[in-house]
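Student: here is my input; please provide its structure:
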Amino acid sequence: MPTALELAKGNSALTVAVVRCRKLLHRRALVAGAASAIPVPGMDWVVDAAMLSRLIPEINEAFGLTPRQIEQLVPSKREQVQIAVSTVGSFLIGKIITKGLVLRAAQAVGVRLTAKQATKYVPLAGQAVSAVVGYGAIRLLGEQHLKDCVRVAQMVQGGIISPHEPPSLPFTALPV
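Tutor: Here you go, the predicted model:
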């Protein structure tokens, strides 16, 4: 299965967005991994949920796929985005990220997260394994969301690029 960066090849705006979002994803996953190593019951779940609830909207924004950005599109382009989102099957694109959506996303890697809980109470080695699993779980969810965003962006005819957005957000919504 190709990575988000491989999916974006050939489109410089998408490639820049993927690289930028991957850096953000890596930093957030490191924080989640560090929190996973701390043997405090439930703390890692809280940190994971907090990381995802901030990370997913930031990735959506980089691709012009927040609810606000989609609302600003002309109706025909908005419809194209909605069709692409439903075709890709993402429930995190174009939505306000709630606790329920974060929990639904976390269920996708539930076995890993359960293993992380069990291993963290084994001194040193268990905490290290828990940190690695915590990092990996966030990376997995983030990478999957990046792939979904790239697929949606590619499906929308002509892309969703705006000259009015700052250059740090290379792939964003068109003004109305």
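Student: if you count neighbours, what's buried in the host helix or strand of Leu141?
Tutor: For Leu141, the element it lies in under DSSP states H and E is helix 125-155. Across helix 125-155, burial judged by 16 or more other C-beta atoms under 10 Å covers 126-127, 129-131, 133-139, 141-154. Using the backbone N, CA and C atoms, a C-beta is placed for each residue, glycine as well.
Student: ok, stretch 63-77 next?
Tutor: For stretch 63-77, the neighbour count (16+ other C-beta under 10 Å) marks Phe63, Gly64, Leu65, Thr66, Gln69, Ile70, Gln72, Leu73, Lys77 as buried.
Student: going along the chain, name the helices of the chain.
Tutor: Remark: helices assigned in the chain by DSSP state H are 4-8, 12-37, 43-62, 67-71, 75-88, 99-107, 110-119, 125-155.
Student: export these to a markdown table and tack on mean pLDDT?
Tutor: Listed next are the helices of the chain as a markdown table, based on pLDDT from 0 to 100:
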| stretch | mean pLDDT |
| --- | --- |
| helix 4-8 | 91 |
| helix 12-37 | 90 |
| helix 43-62 | 84 |
| helix 67-71 | 91 |
| helix 75-88 | 89 |
| helix 99-107 | 66 |
| helix 110-119 | 51 |
| helix 125-155 | 85 |
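Student: correct me if wrong: Gln80 contacts Val156.
Tutor: Yes: in terms of C-beta atoms under 8 Å, Gln80 counts as a neighbour of Val156; the distance is 4.8 Å.
Student: these two: which has the busier surroundings?
Tutor: The neighbour comparison of Gln80 against Val156 (other C-beta atoms under 10 Å) goes to Val156, with 22 against 18.
Student: what pLDDT does that one get?
Tutor: On the pLDDT scale, Val156 is placed at 86.
Student: contacts only, for it.
Tutor: Val156 is in contact with Lys77, Gln80, Val81, Ala84, counting by C-beta atoms under 8 Å, 6 or more residues apart in numbering.
Student: one more pass at 10 Å, please.
Tutor: 63-65, 73, 77-85 (C-beta atoms under 10 Å, 6 or more residues apart in numbering).
Student: cool, and Ile38?
Tutor: For Ile38, the contact set (C-beta under 10 Å, 6+ apart) comprises Asp44, Val47, Lys120, Gln127, Ser130, Ala131.
Student: overlap in contacts, Gln80 and Val156.
Tutor: Residues touching both Gln80 and Val156 by C-beta under 10 Å, 6+ apart: Leu73.
Student: how far away is Ser74 from Gln80?
Tutor: To be clear, residue 74 is Val; Ser isn't right here. Val74 is 10 Å from Gln80, where distance means C-beta to C-beta, to the nearest Å.
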